[in-house]
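# can't give you the sequence, but here's the structure:
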């Protein structure tokens, strides 16, 4: 009573129902186990590969040279990418804020990142100030950003003079202490040099010691040589091994030919320091003979210091070890390195560069041109003649009206018809081409050429004028062109998201997209590049006569050629493509009072009209911009040749739409006699 009934126990085979239930229970446990394992593996995969795709692409940056920048110059930027996720394609962007109106410019390179792949990309970017950070990132074609990093420029140190040292066991730590300006020395391995010459734009000098230039790959060596052509200073210093300086690349650059080692017991007096003699005692130096340059100082008949001009730059040779204790402790070492680094000339370059930067964009030549009614208007004499004819005809009609009073109504009709017809004719004849096109590009270029070199530095002052407004895309023919300045008058980047002008490298060129302009607005650019020399030129003196050899190797004629020799101006006319010419110039004494005349005004007042349909004022602006404040006494020891290329190949092009292009190039060569 009160007990539960006894449970029955089956002693035989289980029934079919029991077998079915057991099978269902087993399958249920298997399904649960499978689902649990799947969830466990999903968790493990989620922990190893986060859902956030930004963690799959790692991005590292290296800007400048060992944390050092020069304001107002371009700096190298190395971007390293590593991908731990799936394969990706997209583009790496570097966003830089520049310009008087805080323009945001993106420099873009396409990239492919395979699974577990790594890529390194090299950029060169302008550093005009430290107020705005540099943003580096990667985005996919759909616009999704998979990695982004912000570089704060306030964390970098700035220098007025930046020197690179390619050396293994010698330092230049004495250099900042003896220089009065803020000097920073950075030590690099050959493989760390930039791949483009604009990446070396912030470097004042490179000192090479016991390092062979053969360690550079072809891209970096070409960038180094182009940097010298653009105005860099390269210093080769002696050391324990002379064979390094006998390499083919060193022989191509050095001002001397290296022969071996030598010993010297009596050191000379430097010409710029007559009261200071180099430390005495026995010295081991590099034995050499005079080569492509000039010997500045000799010791016992052997070159001690030599210099070679290469384009706008210089290559120095010092036969002794610059890091020798006797030389470092010498009190004249400051003057020695002041000569190598050309500190005085550097100050002048900085002052002239400041006029090109965005903060002074109102002084841009294109802005000055557009403020004057000169571009492609008829010459003033033609306008004056048109007005004179109009007034004469009007006077004749009025006189006829006075003689024939009965025809006065008809005469007034004739006066009205004459006024309407003359106005319509003037509107058609004098209509400004800049107003008819979607965009008008004005490009005024100054290119310097040098004997024995196939390229020279070109400064282009360009401007885009838009009468109708709208969005414009531009392209640069040379991807290594340095954009010194960009400023807008009524123009800004297009407001689409981040609103940045996008600079994309395409092959050997550069494309600028996303430039939005208002009506009657202007964007000005200052470009610097290394362009092929359009003329092959050489000069030699023979018995008091200067012989000038010219050959036009370009595709366009050189017009209005002229020579300034010993302060005298000579016209040479036109030189057609492929043609050669030889000119002789005799020594002519210059009066002392004439030596103080400005070179710019001496040349500008002799320029003829009709260059590219422009008035004489615009070519004169280029002349004044090149010669600046120099006087005839400054150029008495050289011959200056100049020529003009009308409708030269434009460096900046407008993509799409109706356009009007005006290009004028001043080509100048200065050859010491």
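Arrived safely, thanks for sending. Note that the coordinates shown come from a computational prediction; the quantities given were computed from them, not determined experimentally.
# now do the same end-to-end measure for stretch 144-158.
35 Å (Cα to Cα, to the nearest Å).
# tell me the mean pLDDT for it?
Stretch 144-158 carries an average pLDDT of 92.
# going forward can the numbers begin at 220, since that is how I track them
Noted, 220 is the first residue going forward, which turns the last one into stretch 363-377.
# which residues does it contact?
272-273, 275-280, 282-283, 286-290, 300, 307, 309, 346, 348-349, 351-359, 401, 403 (Cβ atoms under 8 Å, 6 or more residues apart in numbering). Every C-beta, even on glycine, is put in place using the N, C-alpha and C of the backbone.
# swap in stretch 755-766?
668, 670-671, 767-770, 772, 784, 801-806, 858, 860, 888, 890, 892.
# just the buried ones from the residues you listed?
By neighbour count, with 16 or more other Cβ atoms under 10 Å, these hold 668, 767, 769, 784, 802, 804, 858, 860, 888, 890 as buried.
# which residues pair with the fifth one across the strands?
Right, the one you point to is residue 802. With DSSP bridges applied, residue 802 shows beta-bridge pairing to residue 767.
# ok, it - contacts?
Contacts of residue 802 (Cβ under 8 Å, 6+ apart): 766-767, 769, 782, 789, 791.
# what does the first one give?
With contact set as Cβ under 8 Å, 6+ apart, residue 668 has these partners: 675, 752-754, 756, 886-888.
# surely residue 277 forms part of a strand?
Yes - checked against DSSP: H, G, I helix; E, B strand; the rest coil, residue 277 lies within a strand.
# now it. Nearest residue, chain neighbours left out?
residue 301 (4.6 Å; Cβ to Cβ, 6 or more residues apart in numbering).
# surely the one you found meets residue 334?
No - counting by Cβ atoms under 8 Å, residue 301 stays clear of residue 334, with 11.0 Å between them.
# if you count what's nearby, which of these two comes out ahead?
Legend: neighbour count by other Cβ atoms under 10 Å for residue 301 and residue 334, higher for residue 301 (16 against 11).
# please tell me how far that one sits from residue 344.
With distances taken as Cβ to Cβ, to the nearest Å, residue 301 is found 22 Å from residue 344.
# repeat that for residue 360.
24 Å.
# between those two, who's got more neighbours?
Neighbour count, other Cβ under 10 Å: between residue 360 and residue 344, residue 344 has more, with 21 against 10.
# contacting residues for that one?
Counting by Cβ under 8 Å, 6+ apart, the residues that residue 344 touches are 282, 293-294, 296, 313, 315, 326, 353.
# quick check: phi and psi on the residue nearest in space to the middle of the chain?
For the chain, the residue sitting closest to the mean C-alpha position, by Cα atoms, centre = their mean, is residue 701 at 1.7 Å. Backbone torsions of residue 701, given as degrees, to the nearest 10, read phi -90, psi 130.
# shouldn't it be in contact with residue 744?
No - using Cβ under 8 Å, residue 701 makes no contact with residue 744, being 10.8 Å away.
# about what we covered before: secondary structure and distance to residue 614 for the contacts of residue 668 - can I get that in TSV?
Listed next are the contacts of residue 668 as TSV, based on DSSP: H, G, I helix; E, B strand; the rest coil; distance: Cβ to Cβ, whole Å:
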residue	secondary structure	distance to residue 614
675	strand	56
752	coil	57
753	coil	52
754	strand	53
756	strand	56
886	strand	49
887	strand	50
888	strand	54
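# quick one: which of those is nearest residue 636?
Distance to residue 636 across the contacts of residue 668 (Cβ to Cβ) is lowest for residue 886, with 50.5 Å.
# so that closest one sits against residue 862, correct?
Yes - Residue 886 is within contact range of residue 862, at 4.9 Å (criterion: Cβ under 8 Å).
# most neighbours, which of the contacts of residue 344?
Result: residue 294 is most packed of the contacts of residue 344 (other Cβ under 10 Å), 27 neighbours.
# would you tell me what the next helix or strand after whichever strand or helix holds that one is?
Using DSSP states H and E, residue 294 maps to strand 292-302. Next helix or strand after strand 292-302 toward the C-terminus (DSSP H and E): strand 307-317.
# roughly how far is the helix or strand encompassing residue 676 from the heart of the chain?
Using DSSP H and E, residue 676 falls within strand 674-685. Relative to its chain's centre, strand 674-685 lies at 11 Å (Cα atoms, centre = their mean, to the nearest Å).
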